[in-house]
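> A structural model of the following input is requested.
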Amino acid sequence: MKKFKTIFIVATCIALGSQVYVNLFVPYFTITLSVIILPTLLYFNREFNPIYLTFIVGIVSPLYRGFMLYISDIALNQVIYSVFSDVLFYFTYGIVYYFLYWKRTDTNLTNFFVSIVTSDFVSNVLEISVLMNFKGYKYNIFQTLAIIAFIRSAIVTSVILLFRYYNFLLTKEEHEKRYRKLVLITSKVKSEVYFMEKNKRDIEDVMKKAFYLYKILSKNDYPTEFENVSLDVAKDVHEIKKDYINVIKGLEEMLDERSDNTKMNIKDIVRFIEADVKEYIRRNKLDICLDFKVYDNFNVEKHFYLVSVIRNLIYNSIEAMDGRRNGCIRIIIRKEKGKCIFTILDNGSGIKNENLSYIFNPGFSTKFDRKTGDIYRGLGLTHVKGIVTDIFSGAISVVSREGKGTKFTIKIKEDKIGG
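The predicted model follows:
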């Protein structure tokens, strides 16, 4: 059913295209748009046998044209004569195309071009020969038919090339979008794994303290239930630690460690982050201008972590806008005296002076969800500082004025960025 529907659509398109034509040489010999449509549709529907397809087209299209001629007060015998020549053209075209192109296994666009030029030329020669009763041939007729075949085939090939190029651009854009999404997701997971690794050490300290408490209680004259409780705490923490380690291992196995050794250009990193943040701004209908300035180019080895740092600071600035109008976030990246400097500025609500010394502390947050009342987990800036200092051996500082805006500055040595 689907095959029949496709053939019917092809036949209809060609029938309509046959109504755009010019007369040439002898009555009822026309140069139509359909002979541009036909090879284009044959190329994109290669699953159909061209002989079978053109035979159906060679019946539907000429009949349609014949009907249009008949209602135009053309004599019936002349209509039949015209229809017969059209049928002959399509039948010949399909047979020649079948042997020159469709039957071949090693095909390319060059083969296709040569095939449709030949099919067009041979079919037109046969059609005009019938209309001329195989006499009165002139050299200029063959020359003109060859030029027409070449021009029509060139148009068809150009259309196919444009279509393929358009598909290539779409595919490239889709691949880039998926890769960008993969980089962003990986950066989030890696930064979370880093933070979990730090928490693992904290959990181990708690376990050691609980066990140390058990030893003290057991050596002194304390109730046995105290000893048992402290030992249970140590055991429970140990089990939690094991589960935690298994989760970390599972996440690390999901990530390809080889990707850490693949350097990424800072401009590519910026392009990915910019596309992601602008999409967020557009989706949430925020009145925020995002401006990136990259004055110096360099490669970044542990780029997933840098992506996490920059994104975190940008989204922190977006939250600081708190629905303000004419918000602006500027990200400036440059090199100076052997260091890579990243500056993130915004004109948001700023940070109170009494809070500045606490913003990098775990759990500290001045933000909460107005709908639910839940306090934000406050790990963003802790993440940022930990990654900057531990992963890149860099430094981060902040300057802020309440009601005016905030400026974060990160400085990392070039050799630490490049690896």
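> which residue lies farthest from the center of the chain?
Centroid-distance maximum for the chain: residue 221 at 69.0 Å, with C-alpha atoms, centre = their mean.
> how's this protein carved up into domains?
As given by automatic domain parsing, the domain ranges for the chain are 2-137, 187-261, 264-418.
> nearest to residue 167, of these?
Evaluated with C-beta to C-beta, these place domain 2-137 nearest to residue 167, the distance being 11.1 Å. (C-beta placed from N, C-alpha, C; glycine too.)
> So for the closest one, mean pLDDT?
Averaging pLDDT along domain 2-137 yields 73.
> re the thing from before, out of the domains of the chain, the one nearest residue 179 is which?
Using C-beta to C-beta, the nearest of those to residue 179 is domain 264-418, at 8.3 Å.
> for the closest one, how far is the first residue from the last?
Domain 264-418 has an end-to-end distance of 9 Å (C-alpha to C-alpha, to the nearest Å).
> Helices of the stretch 1-150 of the chain, start to end?
For the stretch 1-150 of the chain, the helices defined by DSSP state H, counting those that start in this stretch cover 2-17, 34-44, 50-70, 76-97, 109-131, 139-219.
> Need the winner for burial among those helices.
Of all these, helix 34-44 carries the top mean neighbour count, a mean of 22, counting by mean count of other C-beta atoms under 10 Å.
> what packs against that one?
Counting contacts by 3 or more C-beta pairs under 8 Å, 6 or more residues apart in numbering; DSSP states H and E, helix 34-44 packs against helix 2-17, helix 50-70, helix 76-97, helix 109-131, helix 139-219.
> quick one, that helix and helix 109-131 angle?
Interaxial angle, helix 34-44 versus helix 109-131 (axes from the mean of the first three to the mean of the last three C-alpha atoms, to 10 degrees): 140 degrees.
> Need the helices and strands packed on helix 34-44 in CSV (columns: distance to residue 347).
Listed next are these as CSV, based on distance: least, C-beta to C-beta, whole Å:
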stretch, distance to residue 347
helix 2-17, 57
helix 50-70, 65
helix 76-97, 66
helix 109-131, 55
helix 139-219, 26
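> beta partners for the residue lying closest to residue 339 once chain neighbours are set aside?
Nearest in space to residue 339, with sequence neighbours left out and distances taken as C-beta to C-beta, 6 or more residues apart in numbering, is residue 411 at 5.0 Å. On the basis of DSSP bridges, residue 411 is bridged to residue 341, residue 395.
> Residue 411: what's it in contact with?
Neighbour list for residue 411: 339, 340, 341, 394, 395, 396 [criterion: C-beta atoms under 8 Å, 6 or more residues apart in numbering].
> Tell me who's in contact with residue 118.
Taking C-beta under 8 Å, 6+ apart as the test, what residue 118 contacts is 96, 100, 149.
> from those residues, which is closest to residue 143?
The closest of these, once distances to residue 143 are taken by C-beta to C-beta, is residue 149, at 10.9 Å.
> tell me the contacts of that closest one?
Contact analysis of residue 149 by C-beta under 8 Å, 6+ apart lists 117, 118, 120, 121, 124.
> Just give me the neighbour total for residue 226.
Neighbours of residue 226 under the rule other C-beta atoms under 10 Å: 15.
> any idea of the pLDDT on the residue most central in space within the chain?
Nearest to the centroid of the C-alpha atoms of the chain, with distances taken as C-alpha atoms, centre = their mean, sits residue 174, at 2.3 Å. Residue 174 is assigned 76 on the pLDDT scale.
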